[in-house]
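Q: build the 3D model from these lines:
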Amino acid sequence: MADEDETRITIDEINETLRLGVDAADEERASELETFLLLRAAREAGLRSEQERLSQTLAPDHPRLRALALRIEANAVLGKRLGEEAVRARTDVPESDPQGWVLQGRLTGVDPASLRNHLVALFDRAGKRLEGTESPIDEFGRFLIKLTFPAAGREPAASREVFLRVLDSRERTVYRHATSLTAIPGGVEYAEIGVNQAALAAPAAVETTPAEARRQPEPAPPAGGSEGSQPAPAAPAERRPAPRQPREIRTQPGTLERSGEETPTLEERRGGAPTEPPTEPRRPPG
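A: The predicted model follows:
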């Protein structure tokens, strides 16, 4: 028989304890990563100070300087990854919505300062923006998008294909993610989107999706004589060998024979035609 003072723990209490424990673990992990990041920054400062001191006495291609440069580069890569992990650890997990889809993510490969006053939004395959999916971008490049599915009565809402774009302050597309995302009702997804820094320099002129661009026919060539039209390049002319020039071959003293294009025929060589001019008959002495 159970004791009346026995403590009973419900499932809800267990779930709440686990949730609080996970949140506390993420917070502790983020603090440890940030501390480690400060140590790597101090290490980098020491390495650069040593590099500056050795560069005053050693040649630029000295093995010690080359090895020191590699250590500085490796330390910088490690520090960048530690910073990214710290940002992930401090990212709160959003609540799910049975009638919606939550996309939480971060834009990578770009300076977050260049994304100031920018938005992230979802579009369908036809290039139409899905209203209510706009999200600002914070100082770490993070965003949070919520897509609400229309009520489908008793039938569960069907998943749909969506595309992510980055919009500037004038809501012009400056980046379009080529890979589609699948929005599932009740789902929560985290994604890190790699953005090319050069793509943010100017807004994109094309507002269609990549699939639409492939379906569009090739533009017809401009009519002849229109402004800006370029004539088709002419085919290269067939190269033919230059005709051989006749040359003179000296056969006997005082005679010349022409060869090349004017070679004598076989009949002429057999005596059919004289090859030398006739000589005048000699007169008897008077």
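Q: so, low pLDDT: which residues of the stretch 51-200 of the chain?
A: Applying pLDDT under 70 to the stretch 51-200 of the chain flags the ranges 152-156, 199-200.
Q: so where do the helices sit in it?
A: Listed in chain order, the helices of the stretch 51-200 of the chain (DSSP state H, counting those that start in this stretch) span 63-89.
Q: quick one, strands of it?
A: 100-108, 119-123, 135-136, 142-148, 160-167, 173-176, 181-183, 188-194 (DSSP state E, counting those that start in this stretch).
Q: could I get those strands as a markdown table with distance to residue 94?
A: From N, CA and C alone the C-beta is placed, and that goes for glycine too. Below are the strands of the stretch 51-200 of the chain laid out as a markdown table (distance: least, CB to CB, whole Å):
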| stretch | distance to residue 94 |
| --- | --- |
| strand 100-108 | 5 |
| strand 119-123 | 15 |
| strand 135-136 | 11 |
| strand 142-148 | 6 |
| strand 160-167 | 17 |
| strand 173-176 | 23 |
| strand 181-183 | 14 |
| strand 188-194 | 6 |
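Q: so which of those strands is nearest residue 45?
A: Residue 45 sits nearest to strand 100-108 of all the strands of the stretch 51-200 of the chain, at 25.8 Å, using CB to CB.
Q: got a list of what residue 161 touches?
A: The neighbourhood of residue 161, defined by CB atoms under 8 Å, 6 or more residues apart in numbering, consists of 124, 125, 180, 181, 182, 183.
Q: could I have the buried ones of the residues you listed as PyMOL selection syntax?
A: In PyMOL syntax, the buried subset of these is picked out as below (16 or more other CB atoms under 10 Å):
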select buried, resi 180+181+183
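Q: just the contacts of residue 161 now: which is nearest residue 102?
A: Lowest distance from residue 102 to these (CB to CB) belongs to residue 183, with 9.4 Å.
Q: my guess is that closest one contacts residue 147, does it?
A: Yes - contact between residue 183 and residue 147 holds when scored by CB atoms under 8 Å: they sit 5.3 Å apart.
Q: which residues are common contacts for the two?
A: Overlap of the contact sets of residue 183 and residue 147 (by CB under 8 Å, 6+ apart) consists of 101, 103, 122, 162.
Q: which of those sit farthest apart?
A: Greatest spacing in those, by CB to CB: 101 and 122 (9.4 Å).
Q: mind listing the shared neighbours of those two?
A: By CB under 8 Å, 6+ apart, residue 101 and residue 122 have these common neighbours: 147, 183.
Q: could you report the distance from the residue nearest to residue 150 when sequence neighbours are not counted to residue 34?
A: Once flanking residues are discounted, residue 150 sits nearest to residue 157: 7.3 Å by CB to CB, 6 or more residues apart in numbering. Per CB to CB, to the nearest Å, residue 157 is found 40 Å from residue 34.
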